[in-house]
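**Q** Just the structure for this:
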Amino acid sequence: MMTMPSQQRGISLIGWAVILLVAVVLGTAALRMVPAYMEHNTISSSIKSLMQDSKTALMSPREVQDALNKRFTINQVNVITANDLAISKEGGILKISTDYEVSEPMFYNVSIVMTFQDEFSKDVRQ
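**A** Sure thing, here's the model as predicted:
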């Protein structure tokens, strides 16, 4: 028995090409974004580990900045330095804020821009 074209099922070659194109674009975007998110995770964990250190309560904002610079150097953080962070110590509360962008080229004149903003605080009176 012969099937009529209206009864045939499946995806055409053009359909597969479109699906493949979308998968390649999304895969490329993911490969470009993963390193930026990993570096952001490294920055956050460096700041959190410094905040958990008991010596942080005795440090001035400049000493905190120097300690973060050392941690960033050890962890090979290149996107920002500790000088780019907002570090303040007011009323026994240490606050460290990050606010930066990472732009990764995708192809031609298309880029992916990721914005990272975090605020960390610790009561150093404890």
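**Q** Would you point out which residue is most central in this protein?
**A** Tyr37 (2.9 Å; CA atoms, centre = their mean).
**Q** what's the closest non-adjacent residue to that residue?
**A** Met114 (7.5 Å; CB to CB, 6 or more residues apart in numbering). Every residue, glycine included, has its C-beta placed from N, CA and C.
**Q** Look at that neighbour and give its secondary structure.
**A** strand (DSSP: H, G, I helix; E, B strand; the rest coil).
**Q** likewise the one 4 residues further on?
**A** On the three-state scheme (three-state DSSP), Asp118 is labelled strand.
**Q** Ile93 contacts Asp123, correct?
**A** Yes - under the criterion of CB atoms under 8 Å, Ile93 makes contact with Asp123 at 5.7 Å.
**Q** ok, now which ones touch His40?
**A** The neighbours of His40, taking CB atoms under 8 Å, 6 or more residues apart in numbering as the test, are Phe116.
**Q** Can you verify it is assigned to a strand?
**A** No - with three-state DSSP as the criterion, His40 is helix rather than part of a strand.
**Q** That one and Met51: what is the separation?
**A** 17 Å (CB to CB, to the nearest Å).
**Q** now Asn41
**A** From Asn41 to Met51 the distance is 16 Å (CB to CB).
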